[in-house]
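*Asks:* kindly generate the corresponding structure for this input.
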Amino acid sequence: MGNRVNADRGRLVGARIVDYLLAVALLLGGSAQGTEATTTGLDTDPVAAHLARGQAYLEQGEYAKAVLEFEQALTFDNLPPDLRQQAEIYARAARDYQQGKRLSGFGYAETGGGYYRENVTRSTNAAGGDPARDWFWKARLGGGLGYILSDDLTVDGSLDYRFRYYDDIDRRDDSDLRWRGVLTRALRSGSQAIGVRGRASYRGADGYRQDYGLFVNQAFNLDPDNRIALEAELRTRQYPRGRERERSRDIGQVWLSWTRALLDGRASLTLTALGGREWATNDRPDRGQDFYGATFDFSMDLTEDLGFFLFGLYEHNAFDEDRAVLDDNLETLALYTRSDDLYEVEGGLTWTFAPGWSLRPQVLWLRDESNTLWGNYSATELWMMVRRAF
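*Replies:* Below you'll find the predicted structure:
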């Protein structure tokens, strides 16, 4: 009985492999007949269909299209910014499935260093003294696993640990562990997902700030070049103790994004609108807040080994509670509501100088503008990282 079951399972896997290879061959041939065969033959097994098409796009050098196709079946997190590297990580999972293996994974380790420079703002002028200047060393380690449960369901999870050590002994080092698990249903043109994610961030003597969230995602692939996605999340952010405990809050947020593959699949642009609400769970001075904003994320492979990426964010925060302007006798002169505008721009290059090895120079600029005196902040960071993928 056991031998017969194994034989039937072997025939099923073998049939899928034949269908998979046929679809890839037809797609690489670029014929309308091949596209029709893939649509009618493999869409009864959406996971296999998307993995087959993704690998076909990869073989043609259309990396952005490959990623859009792969991500209808699997949604790995913490991938490198380079499109070719992203597509190759997914392609490894596709090859594993082709060989009858449902479990696949990836890992990485990074190290490097850089320079932190705090820029002058109203807040630094009011505080007196010199803005911070400091060298730092960074390290990062993580990876993910994906498992194909059925013809249309996959589950994957990831861990990502980041550490930053500052040369200044009076400055707190950064330590951050991020985790994620998601169940994805592959559709004919798109996907549905539900998952959990969170992070533990070191806050010094007070301990670790904890974030926990539940999210859902619906993606619609309009064609090989375009995807629309809607995502919503409910999460809580808990500060452990001390003066920061009052900053604990619950957050509801939504994202609406459009991703387009450009330049024959060698570039990708994602535009995202975001908005949400924060509810203060303790006695935060400004209580709750509404926020909205937008991001852009652009990646482009300049050559087979060199890629460019650029990310930007704008966010507006409008708080609930009125603040008082006091005179020298502590009498109220006026009332105002805190309002912040946050800006972030990050960019860099990725150079793959050997199989599994890449070098990434990167720059980050931050700016927080506030109508409160102490809410203004700006910094510029430069660093270089070496990444080993495995």
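
*Asks:* for the host helix or strand of residue 353, name the packing helices and strands.
*Replies:* Residue 353 is located in strand 332-354, with elements delineated by DSSP states H and E. With contacts defined as 3 or more C-beta pairs under 8 Å, 6 or more residues apart in numbering; DSSP states H and E, strand 332-354 has these neighbours: helix 83-98, strand 306-326, strand 357-370. Just so you know, the C-beta spots here come from the backbone N, C-alpha and C atoms, and that holds for glycine as well.

*Asks:* can you point out the buried residues in the helix or strand following the first one?
*Replies:* In other words, helix 83-98. Downstream of helix 83-98, the first helix or strand assigned by DSSP H and E is strand 103-118. Counting neighbours by 16 or more other C-beta atoms under 10 Å, one finds that the buried residues in strand 103-118 are 104-106, 108, 110, 112-114, 116, 118.

*Asks:* which of the helices and strands packed on strand 332-354 sits most buried?
*Replies:* helix 83-98 (a mean of 22; mean count of other C-beta atoms under 10 Å).

*Asks:* average pLDDT across that one?
*Replies:* Taken as a whole, helix 83-98 carries a mean pLDDT of 94.

*Asks:* now it against strand 103-118, angle please.
*Replies:* 160 degrees (axes from the mean of the first three to the mean of the last three C-alpha atoms, to 10 degrees).

*Asks:* which strands and helices lie in contact with helix 83-98?
*Replies:* helix 2-29, helix 46-59, helix 63-70, strand 103-118, strand 289-301, strand 306-326, strand 332-354.

*Asks:* where does the chain have low pLDDT?
*Replies:* 1-43, 324-333 (pLDDT under 70).

*Asks:* domain ranges for it, per the record?
*Replies:* 2-101, 105-389 (automatic domain parsing).

*Asks:* follow-up on the earlier one: each with direction, which strands does the strand holding residue 353 pair with?
*Replies:* strand 306-326 (antiparallel), strand 357-370 (antiparallel) (DSSP bridges).

*Asks:* mind checking the ones you listed for the one nearest to residue 350?
*Replies:* Residue 350 sits nearest to strand 306-326 of all these, at 4.3 Å, using C-beta to C-beta.

*Asks:* the inter-axis angle of the closest one versus strand 289-301?
*Replies:* Angle, strand 306-326 to strand 289-301, by the same axes, to 10 degrees: 160 degrees.

*Asks:* please state the offset of strand 306-326 from the chain centre?
*Replies:* Offset of strand 306-326 from its chain centre (C-alpha atoms, centre = their mean, to the nearest Å): 18 Å.

*Asks:* I'd assumed residue 176 was in contact with residue 201.
*Replies:* Yes: checked against C-beta atoms under 8 Å, the pair residue 201 and residue 176 is within contact range at 4.9 Å.

*Asks:* can you pull the contacts of residue 262?
*Replies:* The contact partners of residue 262, by C-beta atoms under 8 Å, 6 or more residues apart in numbering, come to 64, 225, 268-269, 300.
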